[in-house]
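>>> Let's see this in three dimensions:
(one chain, ligands or ions: 1)
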Amino acid sequence: MSPSPVPETFSIDLIRDSRGAIGVLEESLIGFPIRRVYYLVELQAESQRGAHAHRDLEQVMIALSGSFAISLSDGKQWQETFMMSSPRIGLRVPPGYWRELGDFSAGAVCLVLASLPYDENDYIRDFSEFVHWKAGS
Ligand code: TYD
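As a prediction, the model looks like this:
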């Protein structure tokens, strides 16, 4: 059996010229078929987003502007906190990770690419339930 995927960052090339820069996200780079795209804007410094896990959904998160922190737990331990502060860095979040987003800078924009359509049944919004689910999976 292959090991479960772990969260990891990857680089996104920016194509620059005198007018600015273009970042390109193709499925070959993302690692899954992109079925949904959404973004977080109007974020407050003291806000916390996330605070849930997904059973099957894979995601890539990118700080298109500004910065924020992403904390991840696999139900046994918390990973290093990922400080997202560049549109040149993507973070792959595999299924089965609790995520919390916070420490938003002014004007922060978080782009999220998702492997599945929205489905509230894919969410686990209670941390104890998540830990229990992971222990049994
Ligand atoms: P949620 O995923 O809980 O936000 P976050 O993790 O960023 O704090 O979603 C917030 C609300 O938006 C919730 O009512 C569900 C709704 N929503 C959709 O309808 N479709 C979507 O694709 C997403 C991501 C959220």
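
>>> Show me which residues of this protein are close to the ligand?
R36, Y38, L40, R49, G50, H52, Y118 (CB under 6 Å from any ligand atom). For every residue, glycine as well, the C-beta is placed using N, CA and C.

>>> Tell me which of the residues you listed fall in strands.
Here DSSP state E is the test, and the residues of the chain next to the ligand give R36, Y38, L40, R49, G50, H52 as lying in strands.

>>> what about the first one, neighbour count?
What it means is R36. 14 (other CB atoms under 10 Å).

>>> Narrow the residues of the chain next to the ligand to those that are buried.
L40, R49, G50 (16 or more other CB atoms under 10 Å).

>>> so the most centrally placed residue in the chain, which of the three states?
The residue lying closest to the centre of the chain (CA atoms, centre = their mean) is M61, at 3.7 Å. Classification of M61 using DSSP: H, G, I helix; E, B strand; the rest coil returns strand.

>>> Now it: closest residue in space that isn't a chain neighbour?
Nearest residue to M61, sequence neighbours excluded (CB to CB, 6 or more residues apart in numbering): L91, at 4.8 Å.

>>> now the one you found, which residues is it bridged with?
T9, M61 (DSSP bridges).

>>> Surely it is in contact with V60?
Yes: when contacts are counted by CB atoms under 8 Å, L91 is listed as touching V60 (6.7 Å).
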